[in-house]
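> any chance you could fold what I've pasted below:
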Amino acid sequence: MIRPILLALAALLLPGAVMAADPPRPLLTWSDLKSRPRPTPTETLTYGSDPLQKVDLWLPEGKSPRPVAIMVHGGCWQSDIADRTLMDWIADDLRRHGVAVWNIDYRGVDRAGGGYPGTFQDVTAAADLLRKEAARYDLDLSHVVAIGHSAGGHLALWLAARAKLPRTSPLWTADPLPITRAISLGGLPDLAATETSPDNGCGTPVVARLTGDHADRFADTSIPPLLPLGVAQDLVNGREDRIIPYRFATDYVAQARKAGDSVTLHTVPATGHVELIAPDSAAWRVARQIVLDALR
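Alright, predicted model coming up:
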């Protein structure tokens, strides 16, 4: 009995010995996420006449005023790819943890009125509606978190950057809703880098449709030209993300820190793109804790 054990230990100590490991778990797919039972929001509000100009409100039970997070879906800025319902599962998860979620929709570049400036103006209007409705739902606006996935990660950071927009921009507003923490889940902060990176899952032509054809088209649409934001930022990225290259996160973090911003990159191993918005994933546990800590 002792001899087999000793032989096994000796094998492990030999140079080049390899221990058998469990095979890596397959990355989640969109079908894996969408096949789950879908929770429903508390209420849907309207900020415009287009069917996509909607906000789903997810209200938690418990004492008030309720902390709130603005949530922005991805989909390569295209409504045919995704809408706000893609975020239903993590919106419900935050609701279960005592956070009110303001899950916004907007016209993508593939919709009439979308692109520049419409997509950005929709995101602005949806966020500013929160300020108008906060008292009605007893929402606490003293600390507002913006969290977005993929292209929505870019838009969540952009919401935090609104105070830095040039006054000459059609996207400028005098008194934007203050964001105290911005969280990007596998996002695309740098539109110029996205446009020159054919390996990104959104492709390169979509950027021109988003920014429009005008001088300095990245000055009021991309995040790096607006640095420093003066807002704490967190990037949560899967190391095995096959849709958004990991370097987009590391490159942006370097730029933001050089500009003086407080930015943290949370790298989650064995994680792709879908896991970032799956409520039972390691990546979402990281993101959820960031939200809870920011609103505590």
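> tell me the pLDDT of Arg25.
Here, the pLDDT recorded for Arg25 equals 75.
> all the strands of the stretch 151-296 of the chain, residue numbers only.
Listed in chain order, the strands of the stretch 151-296 of the chain (DSSP state E, counting those that start in this stretch) span 181-185, 232-238, 263-268.
> so how many other residues sit close to Trp34?
That one is not Trp; residue 34 is Lys. Using other C-beta atoms under 10 Å as the criterion, Lys34 is surrounded by 13 other residues. From N, CA and C alone the C-beta is placed, and that goes for glycine too.
> now the one 5 residues further on
Residue crowding around Pro39 was assessed by other C-beta under 10 Å; the count is 14.
> spit out the contact partners of the nearest residue to it once chain neighbours are set aside.
Counting by C-beta to C-beta, 6 or more residues apart in numbering, the nearest residue to Pro39 once its immediate chain neighbours are dropped is Asp92, at 3.8 Å. The contact partners of Asp92, taken as C-beta atoms under 8 Å, 6 or more residues apart in numbering, are 39, 58, 279.
> also Thr173?
With contacts defined as C-beta under 8 Å, 6+ apart, Thr173 is in contact with 124, 128, 162, 165.
> if I look at it, how far off is Asp110?
Applying C-beta to C-beta, to the nearest Å, one obtains 25 Å for the distance of Thr173 from Asp110.
> and the longest helix for the chain?
When every helix of the chain is counted residue by residue (DSSP state H), the longest turns out to be helix 118-137.
> buried stuff in stretch 47-65?
In terms of neighbour count (16 or more other C-beta atoms under 10 Å), stretch 47-65 has its buried residues at 47-48, 50, 52-60.
> quick check: closest non-adjacent residue to Lys54.
Nearest non-adjacent residue to Lys54, counting by C-beta to C-beta, 6+ apart: Asp105, 4.9 Å away.
> that neighbour against Asp50, yeah?
No - the pair formed by Asp105 and Asp50 falls short of the contact definition of C-beta atoms under 8 Å, at 9.3 Å.
> what's the overlap in contacts for the two?
With contacts taken as C-beta under 8 Å, 6+ apart, not a single residue reaches both Asp105 and Asp50.
> all helices of the chain, in order?
Remark: helices of the chain, listed N- to C-terminal, are 2-13, 30-34, 88-96, 118-137, 151-160, 191-195, 205-211, 247-259, 282-295; assignment by DSSP H.
> of those, which approaches Pro178 most closely?
When the helices of the chain are compared for distance to Pro178 using C-beta to C-beta, the nearest one is helix 151-160, at 8.8 Å.
> how far does the closest one sit from the chain's center?
Remark: helix 151-160 is offset 7 Å from the chain centroid, using C-alpha atoms, centre = their mean, to the nearest Å.
> repeat that for stretch 31-50.
A distance of 16 Å separates the centroid of the chain from that of stretch 31-50, by C-alpha atoms, centre = their mean.
> what's the burial count for Arg247?
Residues within reach of Arg247, counting by other C-beta under 10 Å, total 12.
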